[in-house]
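Visitor: Sequence plus the predicted model coming up.
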Amino acid sequence: MSRAQRLLDLIQVLRRHRRAVAGTVLAEELGVSLRTLYRDIESLKAQGAHIDGEAGVGYVLRPGFMLPPLMFSEDEIEALVLGSRWVSERADGPLGKAARNVLAKIGAVLPAELKNRIDTSGLLIGPGEPIAAGDGELAAIRQAIRAERKMEVAYADERGNVTNRIVWPVALAFFDRVRVVVAWCELRNGYRHFRTDRIAALELSVERYPRRRAMLLKEWHALQGVPEQ
């Protein structure tokens, strides 16, 4: 592995860790000696990377540092193609269009032989159940999540009984057959999971919910015992 590729890999590893990570962990993941790792970290700092930490404490990369465009490996290209095709087929229309645009943009800057891997990938998405909510509902939910805005929903339970609720949407989970909104429900005063196919009506509120979404999501992860991604 060239030194330039090693530095790129180190940046990618640091980006995956939200908190300080020990030098020994980084060295093991990259397959280099601890001495080489320390030298590479100093090289990145000299190039402008904002890496906080020190030997024996751990390292964390602050946001904002950009390296020249990376060259994707074959596995990375296949991961991009497969993920984009799944989103294109199984998410709502606007998100599917965005996934196709991502592939087009990536293909435009790749060398011809790698661009051909995108066009001729043998990884396909099989047919599945229709999305259990329309494009409008899913797009509106995603908008509410991004803007941290409350939603007013009419929600039907398994018996068809409808209740009107004000919820704070924090995440949207895509399963094979259903889509589920993770939200704080003001009516129940707690976190609830709402199937999008049971939302009879939905309206975005102009009011933002009082706590930051990142903190709500972290709290939900802890309560559910679900590892953070």
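Guide: Arrived safely.

Visitor: Just the strands from the chain, written as ranges.
Guide: 51-54, 58-61, 149-156, 162-174, 179-185, 190-195, 199-208 (DSSP state E).

Visitor: Show residues contacting the third one.
Guide: The reference is to strand 149-156. 140-141, 143-144, 162-169, 183, 194, 198-209 (C-beta atoms under 8 Å, 6 or more residues apart in numbering). C-beta coordinates here come from the backbone N, C-alpha and C atoms, glycine included.

Visitor: Parallel or antiparallel, list what pairs with it.
Guide: Sheet neighbours of strand 149-156, with direction, are listed as strand 162-174 (antiparallel), strand 199-208 (antiparallel) (DSSP bridges).

Visitor: still on that earlier bit, quick one, which of the strands of the chain gets closest to residue 9.
Guide: strand 58-61 (12.9 Å; C-beta to C-beta).

Visitor: Span of stretch 146-163 from start to end?
Guide: With C-alpha to C-alpha, to the nearest Å applied, stretch 146-163 spans 25 Å between its terminal residues.

Visitor: Check which residues of that stretch are buried.
Guide: Neighbour counts over stretch 146-163 (16 or more other C-beta atoms under 10 Å) mark 148-151, 153, 155-156 as buried.

Visitor: cool, stretch 173-192 as well?
Guide: Buried-residue list, stretch 173-192, by 16+ other C-beta under 10 Å: 174, 179-185, 191.

Visitor: try stretch 192-199
Guide: Within stretch 192-199, the residues scored as buried using 16+ other C-beta under 10 Å are 194-199.

Visitor: contact partners of that stretch?
Guide: 132-133, 137-138, 141, 153-157, 167, 172, 178-185.

Visitor: So for residue 84, what's the nearest residue that isn't a sequence neighbour?
Guide: Leaving aside its sequence neighbours, residue 84 sits nearest to residue 99 (C-beta to C-beta, 6 or more residues apart in numbering; 4.2 Å).

Visitor: okay, now residue 12: neighbour count?
Guide: A count of nearby residues for residue 12, using other C-beta atoms under 10 Å, gives 13.

Visitor: typed the wrong thing, it's residue 10
Guide: Neighbours of residue 10 (other C-beta under 10 Å): 25.

Visitor: can you pull the contacts of it?
Guide: 26, 30, 37, 40-41, 44 are the contacts of residue 10 under C-beta under 8 Å, 6+ apart.

Visitor: again, only this time at 6 Å
Guide: Applying C-beta atoms under 6 Å, 6 or more residues apart in numbering to residue 10 gives the contacts residue 40.

Visitor: From residue 16, how far out is it?
Guide: Separation of residue 10 from residue 16 (C-beta to C-beta, to the nearest Å) stands at 11 Å.

Visitor: Residues that sit against both of these two, list them.
Guide: By C-beta under 6 Å, 6+ apart, no residue touches both residue 10 and residue 16.
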